[in-house]
Every structure is written in structure tokens, then in C-alpha cells.
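1. Everything below, folded, please.
(2 chains)
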Amino acid sequence: MEIPKTYEPRLAEERWYSHWMAKGYFHSEPDEREPFTVVIPPPNVTGVLHMGHMLNNTIQDVLVRKARMEGKNACWVPGTDHASIATEAKVVQKLRQEGIKKSDLSRDEFLRHAFDWKEKYGGVILQQLKKLGASCDWERTSFTMDPEYSESVITVFIDLFNKGKIYRGVRMINWDPEAQTALSDEEVIYKEVNSKLFHVRYKIAGTEDEWITIATTRPETILGDAAICVHPDDERYKHLQGKQVIVPIVNRVIPIIADEYVEMEFGTGCLKVTPAHDVNDYELGKKYDLETIDIFHDNGIVNENGLHYAGNDRFDVRKEIAKELDAKGYLVKVEDHINKVGFSERTDCVIEPRLSLQWFVSMKELAQPALDNVMNGTISFHPDKFKNTYRHWMENVKDWCISRQLWWGHRIPAFFYGSGSDEFVVARTIDEALAAAKVKSGNDALTASDLKQDEDVLDTWFSSWLWPISVFNGLTQPNNEEIKYYYPTNDLVTAPEIMFFWVARMIIAGYEYMGELPFKNVYYTGIVRDKLGRKMSKSLGNSPDPIELIEKYGADGVRLGILISSPAGNDLPFDSSQCEQGRNFTNKIWNASRLVMGWEVKQMEQPKAAVKAIEWFHARFQHELAIINDLMNKFKISEALMAIYKLVWDDFCSWYLEMIKPGYEQPIDQATLDQTIVYFEQLLCLLQPFTPFIAEELWHLLRERKEGEDIIIASWPKEATYNKEVLHQFAVAEEVIINIRNIRKQNNIANKVKMDLFVKKNNELDQAFDAVVVKMGNLTQLDYVNEKIANANTFLVAANEYFIPFGDSIDLVAEKAKMEEELAYTKGFLKSVQSKLSNEKFVAGAPEQVITNERKKEADAIQKIEILTEKLAGLK
RNA sequence: GGGAGAUUAGCUCAGUUGGUUCAGAGCGCCUGCCUUACAAGCAGGAUGUCGGGGGUUCGAAUCCCUCAUUUCCCA
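-> Predicted coordinates for the structure are as follows:
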């Protein structure tokens, strides 16, 4: 039976994923074990897998798989988010391609289309996650618009309303004229754009030719001007305070007010105030009781307040009005200017600050426990530097605008029975609403048809903030078995960008509805970037298709490639060469297994080198295991992976296997083979969370397994005691071997050629690893001598002298030069140590231990110099 | 404009309380090897004023000040 030289991932991946599914290893039910729960950050139902998901979900899978091996009842809940704006935009677009306009459809018709679409294309991303190896409990797949989930959302809305935490109010909100909906502050992205700063002069009322010049980037809003504002201390304008000006074109008379909000240095130091179209202006408007003149329709078209500009788009009006101002002599000058403009995260259109009647959650009180419990460490952030950002936001939290003028989402359960702003009730059903409305209105004759439900839906995050609770139906069935068992969840893995959208609000909801934290740890991943440091995005086309990567490098290779250099919170500059590294690693393990499985066993004595190798690898493995566990506990996942990588490749393959390897076509003894397989299995266990497919594949190739003996449910290796001294002894042997190899290389001595090695002991030397040195150095013998050997290559390890007699070709000059260099370095070293030791302040100030170390350094160096000097003399 | 970080080898990053795992790892690079587990490999090797400047200290990548560059968050 020929085992292929390279590992072929595809077959193994398909076979083992279906095997795991068939055995139900991913499925969790509450039992007496300790739970380990992770809820997936639900991707948009319309989404396709990108590199960010790969990173995020690989990390979750590592955590979940490790917990499973630690005997915990691991439960990873997958699902998708209905993502109201994003999905609605996609459905609208798809309908448009079919020639259907949203405005031609009724709400119900539109929703039917949307659900059809979701059924057909939604959740592709979950199928893709399976290719990655994600061990999610697919039987628990949730969707934020599942009936029971929707019920929790409505329950929470009603509850918060009844507690007075939800209110309806006119506020300045971010309006998306494209999607024609309000957006939360977090959905607005500010970008720097090149724009123009228009200097426009307004005539002072009651004067012939006295003017005041303002600077604005948005001249079209002149149509809605309500005041001019200057700084109270600004000497240039002091005489104008309290006077009035005439708005150009509009010819409205407005006051000049003074407020410290104005920056004297900016522009002309005069600000025009348009309360309807700017957040700060709105605040000024409230303060000075100014008129609020809205000049736009919902879609950004100028309305009847815009005089002859009515019916034109806001950006066209900006150009046109500039021309008119210029023509009429109002435009003083135009400057280039860079300013920050808000764009809609979803539609990328310029946000219009706008006054609007919306629903809000009052956040201040709700946020308090969420702030406290992160700051006091009840909930840990990894890395914890994100606590600063979190605190800053939570201390300045603003009320949350939760209504969206969309159809796809949870419709707000408010029912209007009249046209007054307070003539509504909030209720779960139309029947309950009717009953409540009768009471509230005092009108017993109301019928269901008199009630009109609010047209708006809720912000998507108003449903996803309940995710850790509602996937277990904790709100609809409080205290059910599952919520009691799985909540609070353990680790949340997500991107820092959604710390406020999602993480903070989940914590808030957790404390409000469960009375405790939703998760104990939050692991923030970085942003996946391309080699040039650009964010991966569809529009740049710089994002590799993860599925193609998996096909090319294998799922394990990609997982390793993506984890190997992504410390928590740091961006991940991704390059497919990392996947290549991953692929190479899986291939390396594959070949190690070919070696081990190819050996014939014979009844024979165990070689000494093998005995020592086994002793050493136990120590080495245990030493590293402690480090790996520690790193994992600290969520330093890439570092843990790197430690495993080196343990497998360097320690196990390059050293251990070479030490025990019999000669070509030679048999191996039973004891060594058995122990080697045990070691191999332990390494596979460490690898399983990271590279689950090849781990399972080799687990089954290395040994006959009974039904159900799969590595996915095997135990994570236990820490055990080990002999630290062995590690030290091996390090010395290792140095000797490296020196031998160097001499071979320098003198062009082939590895096949056996050599003699003589040792002159000057110091205590443990000879335990001599057999290993003989084997690895390919020596005929290793002998101890009392006198120096003449005509030999020499080297020093731990002040012991090693000699390899010259063969035919020698290079005395080179040998001498090498020694002289070493001697010079050692002398310099000694000098620096001695100068330190002769410094009285150092001796007085440094701790005992440090001084002892320095003295030892000094002694070692002196000895080394003696030996080297002698040797050099001998060469002459 | 306000806040929080970052700056260590060509690249990506480790580096606990200042002093023996202090200048490290992986990749890349250079040299030599197709040595029957693996060329997707083996063996060996090189690489840094620890962003600049100043200070504290017997001693600074580590603490303080300052400047520069840069990322993110908020307005």
C-alpha cells in the first residue's frame, strides 16, 4: 500500500466533517457537565463568507474545540441576522432588476418577496462555514426574525416602553435620503472630502451698505437660515450683536446672536444657523428659540420652503444657488476646503441631519451596570486596551434612535387611534392594542380598523442585542432549562468596530433582562487587510475568496495561515503565503506519520539514544504544554499556535524522530514505536483545535480505533511533572551536535562520512546524551581524553573542549582566524563585565542575584580565555 | 478639535516588576544538500543606534519629558 507523499485534504475534510455531524459531536444538550457556550456574531443573512468571517470563526472554533476536549459541554450557536437596511436594499435592487418598484408593492407583498429571497439565498454563509470546519451546533441555528425571536424583540420593546425607557420624540437624527430612513449615530461614517467654503455676505437690516460675511460649505441651506451667530468676545462683530440681517435671495430678516460655540478662527468667525439641517445649529436654535425651517423632502429634494429651487436635488441646488449668489453680488469668495461629511454606512449617500419624529431608548441608566462591570473586570476584554474606548463611549452614551423607515424588520408594536402625537398604545397584538386604546382614549366604540400600526421597523441591533439570551428563548420562556444552563455564555469573538453597535448593547441587555453578564470574555479580532494594508473590500476586489483558498490549501492550511500572525486586537495583514505555510505544515505532519507508520517492529533491545530521546521529549512536551495552556488562557492564540508549530516541527520532527529513527530499512523496537505513537497522538490532540481535519485523519491512521474513538472528543493533554535537568542536558548535546554539523559544512565533509569526536572535560559534564550525540553527529566514536588532540578541529561547549581530528583537507589559517575572533570577543565581554563589577555603585545598588550572575560570567569568561589562548598557542 | 493606542530584523509580531531564556520568534533572505518520511524538504548562516532627541538610574527596548510618524475611536 503506497501512502502518497503529499497530504490531500479534500477527501479527509469531507469524510470527517460528515462523520462528526453523523455522530452528533457538535450538538449540545444541557447535562451535568460544565457548559462552554459561544454565540456566533450572526452574519447578515444575505452575506457571503469573507476573510473577516474566516478569522473570527476560526478563533471561535479553536476555543470551542479545545473546550470540548477539556470535557466541557461545548455549545456554539450559529445563526444569521436579518440586517434590515442591508437586506432591504438588496431585495429592492433585485426587484428592480425584475422591473418591480418597491413603491408599487404593498408592505405584505414586499415582505413576501423578501422572505422568498431569504429562503432561497439566505444562509449561504452558514454552509460556507462548514467548509472551514466550524463545529457549530447546527440544530440550534437561529435567525433574528424567527417567530420566537421576534416575540422576544417585541416583548423587550413593550417592557422598556412600560418602564419609560422608550420614548417617542422629535430629534435631530441622521437621515439617509437614499434609503429614506433614520440611522443611528453608529451607522454614519465620517469621511474627509474636498469641498468648497463659500463666503457669503448678508446685508445688515436697516443699513444701506453694511454687510456681514459668513463662511459655509452648504450654501443651499441659506434657504433655511434662522440666525447669524458670532462669538460674544469677537471684537470684529461686537457692534453688530443684536442687530438683524437680511438673508440673500430669501429676503428673510433674521437676528445676529452671540454664542461661545462659534470658533473665531474658522472662516470669517461668523456662522449661519440652520436649525433644521445641522445638529449644532439645532442646539443653538433651541437655546435661542429660533425658527426651524426644513427645506428638504425625505428624498433630499428641496421642498416648497426652497422658493424657486423647490423640486431640485440638494446637490444641484448647491451649485445653482452659488451661481445666483455670485450673480447678485452676495458671493465674496470661494475657498477650497477639506471637511468631514457623514455618509450612510449602508447606502453610502451623504447623510442629511434632519428633525424627525422617531423612537428612542433612553440609555444613561441602562448603561451604568454595563459600564461598571467591564471596568471592574467582571467582563474581560482581550486585549484590555479596548476598555478605554468602551468607557469613553459608555460615559458619553446618547439615546438610541431605534426606529427605521423600512419594511424588513420587526415592526414597532405601537398602534395609533388618533392623529395626536400621544394618541397611541403599545401592545403585543391588535386585540390587546384595541383594549388598551379603548381605555386610554375613553372611547369604547373604537374598532380594530380604527387602529393604525406604526409603519416603522426597529433597528436591527435592537434585535441582535438580545442574541445571547434569545437564542435560548430566555425572554419568551424565562428560566427554561437551556437559558439556565447555557447563560451566561463564555467567550464572544468579534470585531472592535461593533463594540458599540453590538457588544455594549448585549451587555446592557444582559444586565437588564438576565440580571447578569452575557459573556465572560470578549475577544476582539483585528481587521483583515491586504498586503498593502488596505482593508479588504468588495469594491477594491482585494479580498480572496475563502472557499477558493480552502480548495487550494486545505481548510487546515487556511486556518493555520490566518491564525499564525493575528494577535488579538491587531490588524491582520493577510497574504496567501501564510496559507502556504499552513499547507506546508500539514504536509510535514503527514510525512511524519508516513515515517512512523512505515516502520517494521522487531524484538530487540531499545537503543540508548532512543531511551534518552523519549526521556527528553517527555520533558520538552510538558515544558511547552504549560506554556501553551498559559497562552490559551490569556487568549494569545497565535502565540500558542506558534508554540505548537515549533514543538511539532522542530522538536518532534527535526530532533525526536531523527534521534529514534532506525537506519534505512532497519526495524524499530516495540517500546520506542509505542512511545512514539503516544507522543504523536498527544501532539495531534494539541493540533486538533487548530487543524481538526488532519488531526482526525492521522488519529485514525496511527492506530485502530473503536467506534466513537475520535480525536474531536479525545482529552486535551494533561500537565505532568518532568525532569527539568534533562532539558538542560539536551541543550548541551544539541550545541555539540550543531558544532559537529558546522565543522562538516566548513570542511565539506558529507553527512554520510563518519567521524571521531574526542572530549577533554574541564567542567562537570553529564554524559547522558552521548549516545544521542553519536547518532545525530554520525560519529564512529565519542571518547574522553585528558590531553588536547593536535591537528584537530575544535570547539568549546560549556568550557569543555571537543576535538575532531583533521582528515585530509584542513584549513589551519581559517581555524586560527576563527579562534582569534572568538578570543577577541570573549576578552571584550570580560572587560565589560569587569567594569561593571568594579563599579562600586553597581555592587552596592544591584540585588545579590544579579551580582552573583555577573561574577559567574566573569569566571566563565576567564576560563574560556585561558583555553582559547592555549589552543591558539598549540596551533602555531 | 477631543480621546486611546502604535513605532523592535526586509515583512508580521513577542518581549511580565528596569538587571541571564535581552535584543528574540515565524516568514523571507543567503550558503550547501534531490541524505529513500517530507525539495510543500534537510542542514547551516546573516540581519537591528529597539522612531529621533533629552532626562531619571550603578544599569533603560522597558520609567519620565519632548518631537516625529502612524492607526483607531468620538465630534
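
2. Quick one: the strands in the stretch 151-300 of chain A, in order.
-> For the stretch 151-300 of chain A, applying DSSP state E, counting those that start in this stretch gives strands covering A:166-176, A:181-183, A:188-204, A:211-216, A:227-230, A:244-246, A:253-258, A:270-273.

3. Do I have it right that residue A:63 meets residue A:491?
-> Yes - using Cβ atoms under 8 Å, residue A:63 is in contact with residue A:491, at 5.4 Å. For every residue, glycine as well, the C-beta is placed using N, CA and C.

4. Give me the common contacts of those two.
-> The contact sets of residue A:63 and residue A:491 overlap at residue A:38 (Cβ atoms under 8 Å, 6 or more residues apart in numbering).

5. what about the stretch 551-700 of chain A, any weak spots by pLDDT?
-> A:566, A:568-569 (pLDDT under 70).

6. What's the local residue count around residue A:87?
-> Neighbourhood size, residue A:87 [other Cβ atoms under 10 Å]: 26.

7. which outside residues touch the helix or strand hosting it?
-> Using DSSP states H and E, residue A:87 maps to helix A:84-97. Helix A:84-97 is contacted from outside by A:44-46, A:101-102, A:105, A:110, A:113-114, A:117-118, A:179, A:181, A:183, A:187, A:346-347, A:404, A:406-409, A:457-460, using Cβ under 8 Å, 6+ apart.

8. Mind checking the strands of the stretch 151-300 of chain A for the one nearest to RNA strand B?
-> RNA strand B lies closest, by Cβ to the nearest atom of the strand, to one member of the strands of the stretch 151-300 of chain A: strand A:188-204, at 4.9 Å.

9. Counting by contacts, list what the closest one packs against.
-> Here strand A:188-204 touches strand A:211-216, strand A:244-246, helix A:314-327, strand A:331-344, going by 3 or more Cβ pairs under 8 Å, 6 or more residues apart in numbering; DSSP states H and E.

10. My read is that residue A:617 contacts residue A:650, right?
-> No - the pair residue A:617 / residue A:650 is not scored as a contact, 11.8 Å apart, by Cβ under 8 Å.

11. Of these two, which one has the most company?
-> residue A:617 (25 against 12).

12. rewinding a little: RNA strand B next: which of the contacts of helix A:84-97 are close?
-> Near RNA strand B, judged by Cβ under 7 Å from any atom of the strand, there are no entries from the contacts of helix A:84-97.

13. now residue A:146: how far from residue A:481?
-> To residue A:481, residue A:146 is 19 Å away according to Cβ to Cβ, to the nearest Å.

14. Which of the two has more residues huddled nearby?
-> When residue A:146 and residue A:481 are compared for neighbours, residue A:146 comes out ahead with 16 against 11, by other Cβ under 10 Å.

15. how far away is the more buried one from RNA strand B?
-> From residue A:146 across to RNA strand B, the span is 29 Å (Cβ to the nearest atom of the strand, to the nearest Å).

16. and that residue, what is it in contact with?
-> Residue A:146 neighbours (Cβ under 8 Å, 6+ apart): none.

17. okay, it: pLDDT?
-> For residue A:146, the pLDDT comes out at 96.

18. Got the phi and psi for it?
-> phi -60, psi 150 (degrees, to the nearest 10).

19. do you know how far it is from residue A:152?
-> 10 Å.

20. and what of residue A:78?
-> In this view, residue A:78 and residue A:152 are 18 Å apart by Cβ to Cβ.

21. higher neighbour count, those two?
-> residue A:78 (27 against 23).

22. which bits of the stretch 1-150 of chain A sit near RNA strand B?
-> A:5, A:6, A:7.

23. pretty sure the second one contacts residue A:588?
-> No - with contact defined as Cβ under 8 Å, residue A:6 does not count as touching residue A:588 (10.6 Å).

24. which of those two has more neighbours?
-> residue A:588 (17 against 10).

25. For residue A:262, grab the count of nearby residues.
-> Neighbour count for residue A:262, taken as other Cβ under 10 Å: 24.

26. ok, and the closest non-adjacent residue to it?
-> Counting by Cβ to Cβ, 6 or more residues apart in numbering, residue A:231 is the residue found nearest to residue A:262 once chain neighbours are left out, at 4.4 Å.

27. For stretch A:720-739, buried residues please.
-> For stretch A:720-739, burial by neighbour count (16 or more other Cβ atoms under 10 Å) applies to A:722, A:726, A:729, A:730, A:732, A:733, A:734, A:736, A:737, A:739.

28. Over to stretch A:132-142?
-> A:132, A:133, A:134, A:135, A:136, A:137, A:138, A:140, A:141, A:142.

29. With stretch A:68-85 instead?
-> So, applying 16+ other Cβ under 10 Å, buried residues of stretch A:68-85: A:68-69, A:72-85.

30. again, but for stretch A:13-31
-> Quick answer for stretch A:13-31 (16+ other Cβ under 10 Å): A:13, A:16, A:17, A:20, A:25, A:26, A:28, A:30.

31. Quick check: closest non-adjacent residue to the fourth one.
-> The shortest distance from residue A:20 to any non-neighbouring residue, by Cβ to Cβ, 6+ apart, is to residue A:712 (5.9 Å).

32. Quick check: phi and psi at the residue nearest the centre of chain A.
-> What sits nearest the mean C-alpha location of chain A, by Cα atoms, centre = their mean, is residue A:525, with 1.3 Å. Main-chain dihedrals, residue A:525, degrees, to the nearest 10: phi -90, psi 170.

33. tally of neighbours for the closest residue to RNA strand B within the stretch 451-600 of chain A?
-> Of all residues in the stretch 451-600 of chain A, residue A:584 sits closest to RNA strand B, at 3.0 Å by Cβ to the nearest atom of the strand. Applying other Cβ under 10 Å, we find 15 residues neighbouring residue A:584.

34. Kindly report the same for the one 10 residues further on.
-> When neighbours are counted by other Cβ under 10 Å, residue A:594 registers 14.

35. Pretty sure it sits against residue A:3.
-> Yes - counting by Cβ under 8 Å, residue A:594 does reach residue A:3; the two are 5.2 Å apart.

36. Regarding chain A, what is its longest helix?
-> Across chain A, the longest stretch assigned as helix under DSSP state H is helix A:848-875.

37. Which residues in it does the neighbour count mark as buried?
-> Those would be A:851, A:854, A:857, A:858, A:860, A:861, A:864, A:865, A:867, A:868, A:871, for helix A:848-875 by 16+ other Cβ under 10 Å.
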